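Undergrad: turn this into a structure:
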Amino acid sequence: MASGTGMLLVYIVGWGIVFGTFVHYYHKRKARALAKLEAWYPAHTERDIYYALTELQKTAPEAVPSQTLRAALFRRAMTDIMRAVDIKMNKQTLMNLVKSGAMSEELLHQFNAAEAENDAEMMSVVQEAEKLQKGWGGSIFYAASEMVNNTRLRELREEMLKMDFESANCARSLMMEAMSPEERERATTSGTKENEALTKHDVILSSIFNMPIGEGAKVAAAARARMQAEAEAQKKGAGGDKPADKAPETAEAADGKEPADSKA
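TA: Model (predicted):
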């Protein structure tokens, strides 16, 4: 009886050692695999620039004014805000994909590591803001989020303007294709009706897209104002034609002549 119990204990202990060894090497291998994972986001350029300016200010304070350092920190905070919004929007989707088996768990670990790193980065920005200006740490991310929203709205407006240009350019191309060679020649001749109809859509996209940021918006606004002015001028011209039809009758009355209907 005692020998049977001893054999059972030896059997249990042996299996425990085997299982423990397996778990140890499994977690060790998994830790190595996680350490080899690439970062979710590329290098934080704004953070590197800020720390480079900080080191330069220590050696040459006059070379880096405090305004430059605050601007670099603010740009760093904007990048952290954009990453935080991106993480919040994609986290639930990624978790659902991992649960369904469409994505690997290593990708989720990579994402969670990026989230933790960004949280630590935002805390570091708050501390740096307090060092530069007392009380700035509590408001830097609020101001950075406002700037990010304004930047995205400006980019959206520019994209909408580019779409307007593309639509106008397509309309111009369709008009040119539908014209006969004679009509096309008249459309390229200044002063003709075909030319007036064509110039409303006379947009060269290549020149717009090659402009610096903001210049395309100015050109688009000018083109839109010109088109509105032409439309208003046409309306005024159409309204001014009606009184002109009654002018001959008025002139006859002024000369003392009776209208043709009254003579009859």
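Undergrad: what segments of the stretch 1-150 of the chain are helices?
TA: Remark: helices assigned in the stretch 1-150 of the chain by DSSP state H, counting those that start in this stretch are 2-35, 45-59, 66-100, 105-132, 140-178.
Undergrad: which stretch among the ones you listed comes nearest residue 185?
TA: helix 140-178 (11.3 Å; CB to CB). In short, each C-beta sits where N, CA and C put it, glycine included.
Undergrad: what helices or strands is that closest one leaning on?
TA: Contact partners of helix 140-178 among helices and strands, from 3 or more CB pairs under 8 Å, 6 or more residues apart in numbering; DSSP states H and E: helix 66-100, helix 105-132, helix 181-187, helix 193-199, helix 205-209, helix 215-245.
Undergrad: again, only this time at 7 Å
TA: Counting contacts by 3 or more CB pairs under 7 Å, 6 or more residues apart in numbering; DSSP states H and E, helix 140-178 packs against helix 66-100, helix 105-132, helix 205-209, helix 215-245.
Undergrad: so which of those helices gets nearest residue 147?
TA: Nearest of those to residue 147, taken as CB to CB: helix 66-100 at 5.8 Å.
Undergrad: which positions within the closest one qualify as buried?
TA: If you call a residue buried by 16 or more other CB atoms under 10 Å, then helix 66-100 has these buried ones: 69-70, 72-84, 87, 94, 98.
Undergrad: still on that earlier bit, and the helices and strands packed on helix 140-178, which one averages the lowest pLDDT?
TA: Among these, helix 205-209 carries the lowest mean pLDDT, a mean of 44.
Undergrad: one step back: could I get the helices of the stretch 1-150 of the chain in a markdown table, plus columns for distance to residue 234?
TA: Listed next are the helices of the stretch 1-150 of the chain as a markdown table, based on distance: least, CB to CB, whole Å:
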| stretch | distance to residue 234 |
| --- | --- |
| helix 2-35 | 69 |
| helix 45-59 | 52 |
| helix 66-100 | 46 |
| helix 105-132 | 56 |
| helix 140-178 | 18 |
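Undergrad: before we move on, back to that, residue 49: which of the helices and strands packed on helix 140-178 is closest?
TA: For residue 49, the closest of the helices and strands packed on helix 140-178 is helix 66-100, at 5.7 Å, according to CB to CB.
Undergrad: before we move on, the earlier item: nearest to residue 231 among the helices of the stretch 1-150 of the chain would be which one?
TA: Nearest to residue 231 among these is helix 140-178 (14.1 Å), distances taken as CB to CB.
Undergrad: average model confidence for that closest one?
TA: For helix 140-178, the mean pLDDT works out to 82.
Undergrad: what is the neighbour count of residue 56?
TA: Residue 56: 14 surrounding residues under other CB atoms under 10 Å.
Undergrad: now it: how far from residue 131?
TA: 16 Å (CB to CB, to the nearest Å).
Undergrad: ditto for residue 145
TA: Residue 145 sits 21 Å away from residue 131, going by CB to CB.
Undergrad: and those two? which has more neighbours close in?
TA: Of the pair residue 145 and residue 131, residue 145 is the one with more neighbours under other CB under 10 Å, namely 16 against 13.
Undergrad: quick one: contacts for that one?
TA: By CB atoms under 7 Å, 6 or more residues apart in numbering, residue 145 lies in contact with residue 81.
Undergrad: what does residue 17 give?
TA: For residue 17, the contact set (CB under 7 Å, 6+ apart) is empty.
Undergrad: now do residue 75
TA: Per CB under 7 Å, 6+ apart, neighbours of residue 75: residue 46.
Undergrad: these two touch, right, residue 97 and residue 103?
TA: Yes: the criterion here is CB atoms under 7 Å, and residue 97 meets it with residue 103 at 4.2 Å.
Undergrad: could you find the closest non-adjacent residue to residue 147?
TA: residue 78 (5.8 Å; CB to CB, 6 or more residues apart in numbering).
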